[in-house]
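# got a sequence here, can you model it:
(chains A and B)
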Amino acid sequence: QKEVEQDPGPLSVPEGAIVSLNCTYSNSAFQYFMWYRQYSRKGPELLMYTYSSGNKEDGRFTAQVDKSSKYISLFIRDSQPSDSATYLCAMSESGDYKLSFGAGTTVTVRA
Amino acid sequence: ETGVTQSPTHLIKTRGQQVTLRCSSQSGHNTVSWYQQALGQGPQFIFQYYREEENGRGNFPPRFSGLQFPNYSSELNVNALELDDSALYLCASSLGVTVNRYTEAFFGQGTRLTVV
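From the prediction side, this is the model:
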């Protein structure tokens, strides 16, 4: 079993829809939770960062962490064609130096 | 753009050969981490360099080695290339070795290595 599980999709939604992405994990020591966006032929860029449990909102993006269920989510409201990318969840233990990534979910937003 | 640059962008090598990939950190960042991203997979941590010393290593064999220079740029060397080494190799620079709210890792665009 992988440490971080993420459904690779692909996910195709019409413009304006809500995109819902999620990851599950097995390591209860994870404290830092991140979502990265990776466009084709580019490196990942940090979208959202959450420490421990809770919700965080930034514009059209909302990240949720439920440590009791070992489950994290990313919601994209009013999705745009420019949101078409691969979304990677990443996690880290407190004091650790490495990120553990999910496999990524490929999202296409249709105009 | 993140300010992290990698070279070359693409590379084709033959099985058994050796390869060197290069990374220039974002200005002011003293830590470089390398990741391997196979097709359809998330990045896997290879190792991290901080102030020219290896600070941590993932589950990769010794034929994966690295260097960090005084200007904090870095190299990833892979010896005795295998077909499974074909992947996107990502370098990430940060200010500080541990992951926290103050030490965001900025990724380069990656080097696409194909081993034939």
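
# who's B:I12 bridged to?
Beta-bridge partners of B:I12, counted by DSSP bridges, are B:T114.

# pLDDT value on it, please?
The model reports B:I12 with a pLDDT of 98.

# likewise for the one 10 residues further on?
According to the model's per-residue confidence, B:R22 sits at a pLDDT of 98.

# would you say it is within a strand?
Yes - B:R22 sits within a strand when classified using DSSP: H, G, I helix; E, B strand; the rest coil.

# touching, it and B:S7? I think so.
Yes - in this structure B:R22 lies within contact range of B:S7 using Cβ atoms under 8 Å: 4.9 Å. To be clear about C-beta, it is placed using only N, CA and C from the backbone, and glycine gets the same treatment.

# mutual contacts of the two, please.
Common contacts of B:R22 and B:S7 (Cβ atoms under 8 Å, 6 or more residues apart in numbering or on different chains): none found.

# the helix or strand hosting A:T86 - contacts with which helices or strands?
Take DSSP states H and E as the rule and A:T86 turns out to sit in strand A:85-93. Secondary-structure packing of strand A:85-93 (3 or more Cβ pairs under 8 Å, 6 or more residues apart in numbering or on different chains; DSSP states H and E): strand A:4-6, strand A:19-25, strand A:30-38, strand A:71-76, strand A:100-101, strand A:105-110.

# can you list the residues of chain B near chain A?
For chain B, the contact set with chain A under Cβ under 8 Å from any Cβ of the partner chain comprises B:2, B:4, B:31, B:33, B:35, B:40-45, B:48, B:55-56, B:58, B:90, B:92, B:97-101, B:104-110.

# name the nearest residue to the residue sitting nearest the centre point of chain B, sequence neighbours excluded.
Nearest to the geometric centre of chain B sits B:W34, at 2.8 Å (Cα atoms, centre = their mean). Of all residues not flanking B:W34 in the chain, B:I46 sits nearest, at 4.3 Å (Cβ to Cβ, 6 or more residues apart in numbering or on different chains).

# returning to that earlier point: now the helix or strand containing the residue nearest to the centre of chain B against strand A:85-93, angle please.
Applying DSSP H and E as the criterion places B:W34 in strand B:31-37. Here the directions of strand B:31-37 and strand A:85-93 differ by 130 degrees (axes from the mean of the first three to the mean of the last three Cα atoms, to 10 degrees).
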